[in-house]
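Chemist: no FASTA, just this:
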């Protein structure tokens, strides 16, 4: 065998090994959300939901002919400063993808930091996949090429909720109670504006903002709601702040109706009990009930595996669209993947979704759901093992949720 042929064969072997190494390289995704403190139970459930979606992608071969996805969890204690420390740790470890969803204050900090990091070091870019932080600013005046939101924003959800409220002539007095940070403030602002436009006869009789994750006893707030004579309450509270709020309402016998963003979270129906029947409506980006064949298999599989409710669909959308974008880009480079995500359409569990190219906001159906008893047919899945669950009463198609944007996105050259 000639020396030239030996060198050629050796070179080919090295190329083969390198190609195999690229295929085997893991795409790591930094999960930066609370895993301790008052919102730890929420963060832990989000980890399981992401892992479930990742396992499904990896089970069918991953991406790019064998590259697997991996979730790496960081505890941010729901705090922007701790989130930035976690982001630096992820960057130092060579992680190029970040996901987060609990707290828009954290989301705004991460989005700004990632944009600045990518401008400083274009050879080590990071991409932020926001699954649940819904401050409208993130896809408007503070939009970024490196940020994609897979949940509907607070204004889109409030529009759906207030449309529903506008059709209920029994509503006369509304009380607003929200967490005192960017998201809660956005909910209160949107509620005031949209109710005034759609039902100027409705009186807003209270508007409270309370510290995030600090209140242990909401009975003083419930007393204020009762004293106001409110027949309905609008809240964007999530996690323990909603559980304790509705628990106090139940214990004091408050009979107001609730219009919420996160009543579908774990523990809510346990806290409310039978009071929830006919008295609470929630805006979702998914419809647990009635399920179609595909969603029943997905949700049922999650419930069987983890013995808990499936509470959000965004984890699956993030992972499936990321996998598809990597395939289309034929690369794991964040900038190439970002460009593949722009304008992408995908048929998910509950209908077609599309990622807007102009502001990176996912357009998807929204659902207004109420609490009803499980019947094994239309209401197949209960919540908190209570025998009650969320039934979709109204579906708003994605095209009808689209809102104008003020985003003026600067793209890499």
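Modeler: Everything's here; your move. Computed from a prediction, not measured in an experiment: that's the story for all the values here. Numbers count the residues shown, from 1 in each chain.
Chemist: at the geometric centre of this structure, which residue do we find?
Modeler: A centroid search over the chain (Cα atoms, centre = their mean) returns residue 132, at 2.3 Å, as the residue closest to the centre.
Chemist: show me where the stretch 101-250 of the chain has helices.
Modeler: If DSSP state H, counting those that start in this stretch is used as the criterion, the helices of the stretch 101-250 of the chain fall at 104-120, 154-166, 182-198, 219-228, 240-251.
Chemist: chain center to the last one: distance?
Modeler: Put simply, helix 240-251 sits 22 Å off its chain's centre (Cα atoms, centre = their mean, to the nearest Å).
Chemist: partner strands of the following helix or strand past it, parallel or antiparallel?
Modeler: Note on helix 240-251: by DSSP states H and E, the next helix or strand toward the C-terminus is strand 257-260. Strand 257-260 sits in its sheet next to strand 232-235 (parallel), strand 280-284 (parallel), going by DSSP bridges.
Chemist: now do the contacts for residue 160.
Modeler: Residues in contact with residue 160, defined by Cβ atoms under 8 Å, 6 or more residues apart in numbering, are 283, 366, 368, 394, 396, 401. Yep, even glycine has a C-beta here, placed from its N, CA and C like the rest.
Chemist: just residue 265 next, same as before
Modeler: 42, 238-239, 242-243, 311.
Chemist: need those residues in CSV with neighbour count, can you?
Modeler: Listed next are those as CSV, based on neighbours: other Cβ atoms under 10 Å:
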residue, neighbour count
42, 24
238, 23
239, 25
242, 23
243, 22
311, 21
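Chemist: which of these sits closest to residue 71?
Modeler: Residue 71 lies nearest to residue 42 out of the contacts of residue 265, by Cβ to Cβ, at 15.9 Å.
Chemist: now the closest one: how far from residue 218?
Modeler: 18 Å (Cβ to Cβ, to the nearest Å).
Chemist: what does residue 366 give?
Modeler: For residue 366, the distance to residue 218 - Cβ to Cβ - is 28 Å.
Chemist: neighbours of the residue lying closest to residue 58 once chain neighbours are set aside, just the number please.
Modeler: Of all residues beyond its chain neighbours, the one nearest residue 58 is residue 68 (4.9 Å), with distances taken as Cβ to Cβ, 6 or more residues apart in numbering. Neighbour count for residue 68, taken as other Cβ atoms under 10 Å: 18.
Chemist: repeat for residue 381
Modeler: 18.
Chemist: which helix or strand contains it?
Modeler: Going by DSSP H and E, residue 381 is not in any helix or strand.
Chemist: returning to what we had before: residue 320: which of the contacts of residue 265 is nearest?
Modeler: residue 311 (17.8 Å).
Chemist: is it fair to say the closest one lies in a strand?
Modeler: No: secondary structure of residue 311 (DSSP: H, G, I helix; E, B strand; the rest coil): coil, not part of a strand.
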